[in-house]
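K.L.:
please find the sequence and the predicted model below.
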Amino acid sequence: MKISYNWLGEWVDLSSFKSPKEVADVLTARGLEVESIESQSKGLEKVVTGQIILKGKHPEADRLSLCKVNVGAGSEYLDIVCGAQNHKQGDMVAVAMVGANLPNGMKIDKGKIRGVVSMGMLCSEAELGFKKESDGILILPPKTPIGWKLADVLGLDDTILEIKLTANRGDCLSHRGIAREIAAALGLPLKAPKVREFTGKGSPIRIELDAGEDAPQFFGAYMTGVKVGPSPGWLKTRLESIGQRSINNLVDVSNFLMFEYGFPVHIYDADKIRGQVIRVRKSKSCETLPLLDGGEITLTGEEILITDGERPIGLAGVMGGGNSEVSEETKNVFLECAEFNPTLVRRAAFRFSRRSEASLRFEKGIDPRGHREATGRLMDLVVKLASGEPAGEVMAELPSRAGFKPKTIETSGSFLNSFLGTSIAREKMVGVFQSLGIGVEQMGEDGLRLTPPSYRLDLTIKEDYAEELARTIGYDAIPSTIPVLTGAPKGRKGDPKRHRLVTMDRIKDALSGLGLREALTYSFQSEAWLSKFGMKSSVKILNPLSEEQGYLVPSLLPGILRAYQENERHHFGSEPLAVRLFEVRPVFSFSGDQIEAKGDAETGVVEKFRLSLLLSGPRLDQALKSERGEVDFFDLKAVIESLFDQLKTKGIRTRAADSTILGAQSHLYHPGQTLQLTAGKDPVGFIGRIHPRLESELKLARPVFWGEIELEPVMSLTPEKETSFKAWSGFPTMERDFALLVEDTVASESLVQSALKSGKPIAKVVKIFDTYKGAHIPEGKISIGVRVIFSDESKSLEEKQVDQCAEQIVQKWKDEFHASLR
Amino acid sequence: MSVHSEIEEKGKTALNQILEASSLEQLDGFRVSVLGKKGTLSEALKQLGQVPAEERPKLGALANEWKARIESAIESKKTDLESQKIEADLKKTRIDVTLPARKVHLGALHPITKTIRKISETLGRIGFDVTTGPEVETDFMNFEAVNIPKDHPARDMQDTFFLGPGVVLRSQTSPVQMRTMREEKWPIRILCPGAVYRCDSDATHSPMFHQIEGLWVDKEVSMADLKGVLDFFAKETFGSQVKIRLRPSYFPFVEPGAEVDVSCAICAGRNPHCQVCKGTGWLEILGAGMVHPRLFELAGYSPTEVSGFAFGMGVERIAMLLHDIPDLRLMFQGDERFLKQF
């Protein structure tokens, strides 16, 4: 909200402030944050008035003129080159002197224009920041004094404060409201104008309130003989200073009152009101109303309508009707100053996209006891500025308004002090509250009975008064203490929620330790992007910013692949690109018919945390080319295995994932380079190479290895308890190496599992140490080198025992896999 | 030739040969040919039987003396030759140690994760515990439970993504406050970090971002306690020289409410052109206040029994200040050039 410093000065004595900045500091400290302070003359410091003494031709350019300009006594005539065509000898002009920094950002230097030195510039209105565009330079009236500052000549001596008002302070949406705050802060009186007494009698137009509590009061005044015309200069200046356009004296008067008093009012052409009645009622569905902005709206039955004897003539609190608006021919007017239900005004303004300064004020709530004074003030202004004659007044109010009393609350000095952590004497509190217009009654030693002024209906509970007290003494005056820890300590060990948080942190630590970088991607993606991965989200955003962000993600893979592509896109040069990303974030799903809240806390949308991983590019960050390598499936597998090793996660199994196992994900992963992870029998995810078809569809420059894992099962297989020490066998181990010839479709891991089983209890470790295909190996077969390590915790093994066990293992290999020894 | 002179002769010859040996193998050959069973010196000693008995001790001593001299010469030559060999090998095994190292990729945590951890750790030291809640929330939890009923003007303050009737992407982490209070008895001392969503996107707004919110509920908690906690947080996070400033403000879920600034740790308000604080000397970092009694009612607590304070801040804002990150959008692009740095 814009506040004019000069206008404010009419309401409260600002002479004790050295500058608008000081006023701004007071307001900000009281919770009315001043966001900017702009002097109207900003940028005009070096713009003066001058007279064109001689307009000559530029020697080098036909379109340019070379002027001699008088900028006042004590200065020589200036030679100024000008490109405009609308000036002549003798004209008064605005001259930007060398060194000026104009409001439109232009800097004036002493410079040559087509070979001729120009000692300044003759300014246009656009260059002076008065208009967005303008033709030619600004020609000032002939009587303009020469050599004055332009800002002084034009009366641009105001400073505009931009205030960011919080939603609770509707009472400050006016110059009067802001002045009240300053007056309270400084203990000054408010300089209110003298306003005529509103009698409420004699209006030929009567009021009927038929909307119940949605329209509890209505003040009207009938005025005759108005002369519609332009507003006087001072009124235009006031409105323009806060960014409002001057329309005509009647419209300007109602705007002026709104920005001065905070009361939105409306002025009807009284001769267009039919049936000598104004009836306020709820709309009927499908009724229509032509608005004064030219639009026509169809009502829904929820709005508050202003009607006359025959038809709707205004949408209450939002906009007047086109059928009753004032025009240049208007002679008699009817003034409206009323109260409407803030919620209904707000909804109507939203519904018809017609939020305005007026509807905003209705929404925030208006002083329910101020209509009488505001109407009087409005009448005074119409008399003064549009020559209107008061010809009768009328008012209607419901009992709730006639007998209105603000809510009184009881509290105590000790409560306020304990709540704020302060020790303020009660007398001082009383003074503070009284400065804010709050009615105070002291009860006993400590008690306080407080009643807010009618314009501060936001004060309803004792905590509100604590805030009033705190912001008046200043938040700085509140001490700083560290709160006491009370109650029995809450141990969180064993709390599953805590275990999840700790485990997720451990996962992130482990992965960053393994050389991966944590990424964060948006939880929403476009339908089109998800469909590239064969995915469909079950959670749609009803009001997305763009289609790009239309759906909550069912998987982290589309996001992490987009991140990969971003990296590829800006990568250049011959250095290979290394991308090593992981992300831990939830994915979203919904399996019902319609997403809908159930009770206070249930949405039905399921959020499950997942881990996504992506590896691509050189294996080493830095090394000679020949040694640097390129990541492949086994690098990714190593990351996962190391992760589970670090977490001590037990019970994650793996198996090769062919197209059948991949199922719905078979287009995401290479069916010959992918591993499925399971927790017991439940699949928890895949890791593998991106499917070459997807790789080519997405035009990826190099192979990508990726994977996605459900974290809930992993976390439940990850122990919370500390690692227990395990003793190792002190006896020497024995080893046997085997070269097995098997079908090349045999999964080597199954050989390992088989040996561990058949070699129990002494075959402790089984390792694949080599594979070989090629010469001397038949087509379709593969040679696999397996090492079995035998040990016993309690004694040294004997050769015979080991040989016997090895034989069992080999026999099992033969039986299960048709393996032969090479 | 007498035995005497033969020993002398053979000894001298052997010494010369040893001195001239050019390899360890050659040296070993000489040792055998001189000192071995059939070596020249041994052969010469065999003739001792033919000399008169009274000369034998003298000759014997001479022979032993030569033997010792030769052995010592061999030892010293051997050391020489070994050291020569190592020298020669050193040259052969020289590498260019300035070549690039075989360096593994370093991983990194996202600055958001790091910042949440830093804040949690700092405030954890004075009693806060971390807890989280869902990102898809009910309208009730996101708004009504924090005292923003339907049609409340404060709903304008935030533009919320809707998923269905009464279901939203949470626009703040505050719902976790109510969820926790409904689950647990006071005292409550929690921090709630997490992602939140608002329909807003430009250089300083992201439709998804992170907040961390704190809530402390107990009997006789005061606004002075709030100030103390925030002061501690600011000093731990930005430096012990920084100050905080509370300005009255309005959030429906607190009363009184405050916006909280920290003094600019870069210029301390001395540089009118400071890029960080824009010359104001202050940085707005969080909103805070005393918990509105309406929240206690909704939580099933008695507002006359307890009081509390709450504060909330944008994690991105803090991360940007801590790490000099110029553009919010960098956080969500997965750009390696960015992520690698943390």
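P.N.:
Sure, I can see it. Residues are numbered from 1 along each chain as shown, chains lettered A, B, ... in the order given.

K.L.:
quick one, domains of the chain?
P.N.:
Using chain A here. A:2-40+A:158-186, A:47-153, A:206-402, A:409-477, A:496-594+A:602-716, A:734-821 (automatic domain parsing).

K.L.:
wait, chain B was what I had in mind.
P.N.:
According to automatic domain parsing, the ranges for chain B are B:3-92, B:111-339.

K.L.:
single out the most deeply packed of the ones you listed.
P.N.:
Each of these was assessed for mean neighbour count using mean count of other C-beta atoms under 10 Å in any protein chain shown. The highest is domain B:111-339, with a mean of 20. Heads up, the C-betas are built off the backbone N, CA and C, glycines and all.

K.L.:
now that one: average pLDDT?
P.N.:
Taken as a whole, domain B:111-339 has an average pLDDT of 91.

K.L.:
name the nearest residue to residue 106, ignoring sequence neighbours.
P.N.:
Going with chain A. If the residues on either side of it in the chain are set aside, A:Met106 comes closest to A:Glu127, at 6.0 Å by C-beta to C-beta, 6 or more residues apart in numbering or on different chains.

K.L.:
oops, I was thinking of chain B
P.N.:
B:Leu106 sits nearest to A:Gly515 (C-beta to C-beta, 6+ apart), 6.2 Å away.

K.L.:
any idea how far that neighbour lies from A:Thr411?
P.N.:
According to C-beta to C-beta, to the nearest Å, A:Gly515 stands 61 Å off from A:Thr411.

K.L.:
ok, the closest residue to A:Ile595 other than its chain neighbours to A:Gly550 distance?
P.N.:
Distances taken as C-beta to C-beta, 6+ apart put B:Gly164 closest to A:Ile595, at 3.1 Å, once the chain neighbours are dropped. Distance, B:Gly164 to A:Gly550, by C-beta to C-beta: 14 Å.

K.L.:
same question, A:Gly309
P.N.:
A:Gly309 is 51 Å from A:Gly550, by C-beta to C-beta.

K.L.:
out of the two, which sits in the more crowded spot?
P.N.:
More crowded of A:Gly309 and A:Gly550, by other C-beta atoms under 10 Å in any protein chain shown: A:Gly550, with 19 against 13.

K.L.:
what's the distance between that one and chain B?
P.N.:
Using C-beta to the nearest C-beta, to the nearest Å, A:Gly550 is found at 10 Å from chain B.

K.L.:
which residues does the residue nearest to that residue when sequence neighbours are not counted contact?
P.N.:
Among residues not flanking A:Gly550 along the chain, A:Pro544 sits closest, at 4.6 Å (C-beta to C-beta, 6+ apart). By C-beta atoms under 8 Å, 6 or more residues apart in numbering or on different chains, the contact list for A:Pro544 reads A:Phe524, A:Gly550, B:Phe161.

K.L.:
got a list of what the nearest residue in space to A:Thr723 that is not next to it in sequence touches?
P.N.:
Distance criterion C-beta to C-beta, 6+ apart; nearest residue to A:Thr723, sequence neighbours excluded, is A:Lys648 at 6.1 Å. Going by C-beta under 8 Å, 6+ apart, A:Lys648 touches A:Thr718, A:Pro719, A:Thr723.

K.L.:
quick check: the last one vs chain B, distance?
P.N.:
What that stands for is A:Thr723. For A:Thr723, the distance to chain B - C-beta to the nearest C-beta - is 23 Å.

K.L.:
how far away is that residue from A:Gly187?
P.N.:
Distance from A:Thr723 to A:Gly187, by C-beta to C-beta: 69 Å.

K.L.:
burial measure for A:Gly74, as a count.
P.N.:
Neighbour tally, A:Gly74, other C-beta under 10 Å: 6.

K.L.:
so it: helix, strand or coil?
P.N.:
Assigned by DSSP: H, G, I helix; E, B strand; the rest coil, the conformation of A:Gly74 is coil.

K.L.:
can you check B:Met141 too?
P.N.:
helix.

K.L.:
now swap in A:Arg702 and tell me
P.N.:
Here A:Arg702 is coil, with the state taken from three-state DSSP.

K.L.:
grab the nearest non-local neighbour of it.
P.N.:
Closest to A:Arg702 by C-beta to C-beta, 6+ apart is A:Ser616, at 5.8 Å.

K.L.:
beta partners of that neighbour?
P.N.:
A:Val579 (DSSP bridges).

K.L.:
so it makes contact with A:Ile690?
P.N.:
No: proximity of A:Ser616 to A:Ile690 does not meet the contact threshold set by C-beta atoms under 8 Å, at 9.0 Å.

K.L.:
what sits in contact with each of those two?
P.N.:
By C-beta under 8 Å, 6+ apart, the residues touching both A:Ser616 and A:Ile690 are A:Pro703, A:Val704, A:Phe705.

K.L.:
hang on, the earlier thing: any of the contacts of A:Lys648 buried? List them.
P.N.:
Neighbour-count burial (16 or more other C-beta atoms under 10 Å in any protein chain shown) is assigned, among the contacts of A:Lys648, to A:Thr718.
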